Structure formats: C-alpha cells, structure tokens
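Participant: coords please:
(2 chains)
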Amino acid sequence: MAFAPINKNYHDFFVVRDKDACINCQVCVRQCSYGVHYWDEARQCVRHDNTKCIGCHRCEAYCPTQALLIQEKPSNFKPNALWRPVFIKNVYKQADSGGVLLAGMGSPVDIPVYWDKLLLDASQVTNPSIDPLREPMELRTYLGSKPTRLEFETTPEGPRLKTPTKPNIKLNIPIMFSAMSFGSINFNLHVAMARAATEVGTYYNTGEGGLHESLYKYGPNTIVQVASGRFGVHSDYLNAGAAIEIKIGQGAKPGIGGHLPGEKINAMVSETRMVPLGSDAISPAPHHDIYSIEDLHQLIYALKEASDYKKPVSVKIAAVHNVAAIASGVVRAGADIVAIDGMRGGTGAAPAMIRDNVGIPIELALASVDQRLRDEGIRNDASVVVAGGTRCSADVIKAIALGADAVYIATAALLAVGCTLCARCYTGKCPWGIATNDPYLAKRQNPDIAAKKMANLMKAWAHEIEEMLGGMGLNSIESLRGNRDKLRAVGLSQSEMDILGVKPAGR
Amino acid sequence: MKKIYPNKAVCIGCHLCEVACVTAHSKSKDIILAHNVEKAQEGLAPRRNVAQEGPVCVALSCRHCEEPMCVAACISGALTKNPETGRCEYNEEQCVGCWSCLMACPFGSIRRHPVKEKIIKCDLCAGRDMPACVEACPNAGLIYEDRGKD
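Facilitator: So this is what the prediction gives:
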C-alpha cells in the first residue's frame, strides 16, 4: 500500500470487514485472484488491500460468516457534470500507462434501454387470454431461409410439396447461447453450454475459437463460427455443427478484431484453435477475403459447398448506423440467418472507447432491419436473430414482437453461473472461473452445476414467455413474431417510435 | 455404505469444508464461537484437510476403509469398525495417545489433537444426515454416496 503511485488511491471499491464476524478462515484470501485479501503474519489475522479490489464480490459470496461487504468507494472528486470520475480516472490511468483502455463485458454507459420503454399488451374481455398450464403453447422456432410461397402437386399418394425447401434448425425455445469462444471462456463452460443447449433443445455458438473434438457429440445443438482469424476451421469442424455462422462484427466492438493473449493459449486451446502454444491469437478487423457483399457471397457459398448445402449459414453483424442496408446485402448474399449484435453486447476484451461509443442499440437496429427486409420482400429469405443486452424473458418477447425470430443470450448465461459483471475479463484472472484458463481458477466452474444453471435459466424464461404469450391471447410464438401491435411505447420521441414501428401507449 | 468421495477435478481449495467441519464438531455449533473461541481454548481442529499442490486441490479425510489399518493398529480399542454402519469409530476416552493409528493409516487421514494427547478423525458427522463438509462444499467437490465396496 505504501510506496504506490498516487493514482492507486483513486481505486473504485473498498472492503468492509466485520472484525467480530471474521473467523480468519482465509477463504477470502484463497478466492481472491487479485490479491486483495492476505494473511498478515505479524498481526495473525486476515487483512486486505482496497486498492487491488475490482468489485467481483467473490469473497463476499464465499465468506462463511457474511463478514465482508464490498462497496463502491464514494468519489472524492469535486462534482462535475462534464468531468465525471470515470473520465478523470481514465486520464490518470492513461497518463501512467500510455496505453489503450481495455474493458470487458457489455457497455455500462447510460444510453436509452428501449426494452424498458416498450410495454406489452394483454387480453381483456373481448378476446380470451390462454392459460399455458392448461392449454398447448408453441414456442418452437425454425431458423433458416423459408419459401415465400408453397406449391403442391397432386400425386396418386396424395398432395406433394413441389417447392424446394432449404435447411432449417429447430429450436424448442427461441433463445440460444451466443458466441463465446473457447479461450475467452474456458472449456468447462463450453461443456456446460453444450449440455444445457442439448437439454432444452436449443443451440450454443462455439464462437471463433474452434470446437474441441470431445464436444463434437453435442454437434446437433451446436452452431460453429467462422471468424476473421479462422481459428480451428476445417472440414470436420464445419460439418460438426447444425449451422455455420460467419462472424463479421461484434456488438461490443464493431469494426475491430480480437486479440486473445498468448497467456490464455494453453495446450487445449492451442490444439482447438490450431495456433502455437502460448502465441497470441489475433483476429483481424476485417476478413481478409471479404471486401464487398460479393466476397461475402463467395464465403457463404464456399461454406455451403463445404457442408453439402445441408446446414443454414448465418452471418453475424454488429448493429451500426446503416445496419438495415447491410442486412439487406447480407440476405441477398445468401445468408439463411442474419444475427445482429447490439452495442450492449458483451466481450472478453475491447478498447473501452469502442465498447462505449460505437454502434447502436439493438432495439432500433432490429426494428429497422426487420422493416427493411419486409419492404424489400426478402424477409422470408432469412431469419433474424438478435443479440446484445437481453436481460430477461420480457426483453426476449419484446424482441420477437419487434421482428426477431430468436434471441442470442451470453451475458445472462454467464450471470447464471456466477458472473457479477466486474468487467475484467481481459485480465485472465476471473475469480468466478469464467473468463480464465488458469487451471486453479477454471475449475471453479463445475460443468455439471453450470449446465444445470444455464438450462434452468432457459427453462425459466420459456415458462415466462408462455405466460406472457397466453396473456396476450396467443398460443404460438409465431403469432407474435413481428406483431408490433402488441407493443406500445412510453417516453419516446416520434422519430424513435417511427423507427421501432410502435404506437405510443394510450393510442 | 455411504462414504464421502472427494473430486479433485472441481475442488477449488476454498477450505469451506474445514470451516464446516470445525463448526459441526464444536460445542457451541456457532461458526464464530467455534473458530474464535473454541479453536484457541480447546484445540478444535478440522477432521478434513485440503491438500494442494499447484492448481490441484483435494479435501481429504478418513476413508472408513473396508479393512481399516488404524483399527488393527489401535492398542487400546479406541478405534473400532462398526459392523452395522461400516464406519470406523473413535472413542476418545479409550485413546491413550500412542499414535499407532497415525503411523498405520496409509492415507494420513488421522491427525494429532492440537492440545490433547488424543487423535482427531472424521466421524462422518455422527448425528447429521449429510456430513457438514459435503453440505458446505460450494462446487460439489465432495460427494456423499454409496459406491459399494472400494
């Protein structure tokens, strides 16, 4: 503590230890991977160094006597509406380091959350609501290109479908686990996601780090991703999953690539990613073979060719200003699914300036993409999946009413297994054993427990979606899809309501 | 018989099992009094101990062997194998503190009492349905189940 740079004292959190309750068991010492708690040999008791605390609450959660409380340190700067403490501290940090400010998880900045401004409808008197516990309720969703119209022919055996159909994937609930690469999160959580997705009948996305061979058995519930680094991409990989996703952009960091530091590349990650042990795995900002929609078309068809036209190909883009036009191009390039990732989406590491300032909220992006694809008559050609900042089942159902076919969740899935959004994923020291490949920390995620929790979350949200659908008098998620009449806005400007395609509440 | 099986793949080395053990075997059954008073006054100590080497941890204690070496070695009859429950039971009053069992146990699961000329050893939490350590483990690193004979 002494002899530390002055700025260190402007730390964000402090530890309150109830000395009467502390039993000096040192559980906190062992749980903290940032070295906040330590055994003081001279005083023969556990003490702590507040300057190192990053606010993950691991010690608080594990303290057997509830003797610990982690609190935000009240700012000691003079109040200033422009120079808020975060900006002041950032300047100090950069003056010390000369480096880019790194951040993890989704953006915490105060931009409007449109989910909170949208309200759902319910049936009263004139149309009956449905009790999902007594009547069937359909959440099944198919993702992929759908024919615009169906043609039949009569044969001696009865009518036969003449229209050729394209491959679709079947979801029991319209929620999937979003891409989190093996490497950025550890193997235990990949196992957990794979098992949870299999249990509830949905999909998890491998992210760009390849797929370990031992997980091929979960292939029917796996979406394999191909990103700009092409880590772990080979023929078996492409055919191991049920669908293939080309990652063009990520909501948390549109326009830039990724960098998995060499320290996180252990033997298993190295083998899966097909990169040398301990070497940095760098994903370039663009795909070096994609500089136009035509190039994207080539990659989509190369992947379809490689998978024998048996798997839908998804293209994931970040929600940026011209997202509607881009999505239209993506669909015309042959994508069967367009995944849009909003600016509140999470990340293992991103420059803070990019995470907090680039992109647009997913609600606006979704509404404008859905509308654009409808206007152009190509909405049936691709499914729309949205990601980035889905916090609860009500957000899911609002997204579907705005036009999404399904929703990707990732931050919520990590919260389910203990994440507290301390946002230091990039350090590789995640005390919850999530964003770390350190064997001592990674085993904090027991795959059996994690799979159960992730599956529970999915099931709980599915129940709530059924309740809300029933309340609206709908017995199928398909009846809600793009049904913006079931939404009303509060506190939004006319132009925001125009983009969202919803009426103000009361009208 | 039901025994406690540690799983080193998911043992995170938090030592909460030891905390639970101490509390369950204290007079007060109060976690704070057990650690802050009884530990110092009466030498209360955990019967389960976490061993760690590098990133690997595992919480070890008496395995209640089918053919316990400690029982064979005990000179005073303090250690017995209960034929009904299968537990290796310890009667402190009969123990003379000769440490024969410590030497005989191939797993190092028996320890000296910190202050008395006695031993301490896991009793599978006699009187509890679920051993305290198993209940306290936050990561299912200890499993209490019947796996048949070892």
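Participant: output the lowest mean pLDDT helix or strand found in chain A.
Facilitator: strand A:258-260 (a mean of 87; mean pLDDT, DSSP states H and E).
Participant: where does chain A come near chain B, residue by residue?
Facilitator: A:20-21, A:23-27, A:30-31, A:62, A:64-65, A:433, A:438-440, A:443-444, A:446, A:448-449 (CB under 8 Å from any CB of the partner chain). Backbone N, C-alpha and C define where each C-beta goes, glycine included.
Participant: hmm, 6 Å instead?
Facilitator: For chain A, the residues found near chain B under the criterion CB under 6 Å from any CB of the partner chain are A:23, A:25, A:27, A:30, A:64-65, A:439-440, A:443-444, A:446.
Participant: so which residues of chain B form helices?
Facilitator: Applying DSSP state H to chain B gives helices spanning B:16-24, B:31-33, B:39-42, B:69-73, B:100-104, B:132-136.
Participant: can you check the stretch 201-350 of chain A too?
Facilitator: Listed in chain order, the helices of the stretch 201-350 of chain A (DSSP state H, counting those that start in this stretch) span A:235-240, A:267-273, A:293-306, A:323-332.
Participant: circling back: so what does the least confident helix or strand of chain A touch, helix or strand wise?
Facilitator: strand A:281-283 (3 or more CB pairs under 6 Å, 6 or more residues apart in numbering or on different chains; DSSP states H and E).
Participant: what helices and strands are in contact with the strand it packs on?
Facilitator: strand A:258-260.
Participant: pairing partners for the strand it packs on, with directions?
Facilitator: Strand A:258-260 has the following strand partners under DSSP bridges: strand A:281-283 (antiparallel).
Participant: low-scoring stretches of the chain, by residue?
Facilitator: Assuming you mean chain A. Low-confidence segments of chain A, defined by pLDDT under 70: A:1-2, A:75.
Participant: actually it's chain B I care about, not the one you picked
Facilitator: Short version for chain B, where the test is pLDDT under 70: B:150.
Participant: what does it put close to chain A?
Facilitator: Residues of chain B lying near chain A (CB under 6 Å from any CB): B:10, B:12-14, B:16, B:19, B:31-32, B:35-36, B:55, B:139-140.
Participant: for the helices of chain B, which one ends up most surrounded?
Facilitator: Mean neighbour count, computed with mean count of other CB atoms under 10 Å in any protein chain shown, is highest for helix B:16-24 among the helices of chain B, reaching a mean of 24.
Participant: tell me what it is packed against?
Facilitator: helix B:132-136.
Participant: leaving out chain neighbours, which residue sits closest to whatever residue of the stretch 1-150 of chain A ends up closest to chain B?
Facilitator: Proximity to chain B, evaluated over the stretch 1-150 of chain A using CB to the nearest CB, is greatest for A:I23 at 3.5 Å. Distances taken as CB to CB, 6 or more residues apart in numbering or on different chains put B:H35 closest to A:I23, at 3.5 Å, once the chain neighbours are dropped.
Participant: re the thing from before, and the residue of the stretch 1-150 of chain A closest to chain B, how many residues sit next to it?
Facilitator: 21 (other CB atoms under 10 Å in any protein chain shown).
Participant: what sits against the most centrally placed residue in chain B?
Facilitator: Nearest to the mean C-alpha position of chain B, by CA atoms, centre = their mean, lies B:C122 at 2.4 Å. Counting by CB atoms under 6 Å, 6 or more residues apart in numbering or on different chains, B:C122 touches B:47, B:61-62.
Participant: domain map for chain A?
Facilitator: A:6-99, A:141-504 (automatic domain parsing).
Participant: most tightly packed of these?
Facilitator: The stretch of these with the highest mean neighbour count (mean count of other CB under 10 Å) is domain A:141-504, at a mean of 21.
Participant: so how far does that domain reach from one end to the other?
Facilitator: End-to-end distance for domain A:141-504: 29 Å, by CA to CA, to the nearest Å.
Participant: ok now it, how far from the chain's centre?
Facilitator: On the basis of CA atoms, centre = their mean, to the nearest Å, domain A:141-504 sits 7 Å off its chain's mean C-alpha point.
Participant: residue contacts, A:G491?
Facilitator: A:K117.
Participant: distance of it relative to chain B?
Facilitator: In this structure, A:G491 and chain B are 42 Å apart, going by CB to the nearest CB, to the nearest Å.
Participant: and that residue, how far from A:S383?
Facilitator: 31 Å (CB to CB, to the nearest Å).
Participant: longest helix anywhere in chain A?
Facilitator: Chain A, longest helix under DSSP H: helix A:447-471.
Participant: tell me which other helices or strands that one touches.
Facilitator: Against helix A:447-471 (3+ CB pairs under 6 Å, 6+ apart) you get helix A:187-200, helix A:393-402, helix A:411-416.
Participant: mind doing that once more with 8 Å?
Facilitator: With contacts taken as 3 or more CB pairs under 8 Å, 6 or more residues apart in numbering or on different chains; DSSP states H and E, helix A:447-471 sits against strand A:175-177, helix A:187-200, helix A:393-402, helix A:411-416.
Participant: so what's the closest residue to A:K398 other than its chain neighbours up against?
Facilitator: Leaving aside its chain neighbours, A:K398 sits nearest to A:L118 (5.1 Å; criterion: CB to CB, 6+ apart). Neighbouring residues of A:L118 by CB atoms under 8 Å, 6 or more residues apart in numbering or on different chains: A:363, A:398, A:402, A:487-490, A:500, A:502.
Participant: which residues are contacting the next helix or strand after the longest helix of chain A?
Facilitator: Moving toward the C-terminus from helix A:447-471, the next helix or strand (DSSP states H and E) is strand A:487-489. The set of residues external to strand A:487-489 that reach it, using CB under 8 Å, 6+ apart, is A:117-121, A:398, A:401-402, A:496-497, A:500, A:502-507.
Participant: what do you get if the cut-off is 10 Å, keeping everything else the same?
Facilitator: The contact list for strand A:487-489 (CB atoms under 10 Å, 6 or more residues apart in numbering or on different chains) reads A:114, A:117-121, A:367, A:397-398, A:401-402, A:480, A:496-497, A:500-507.
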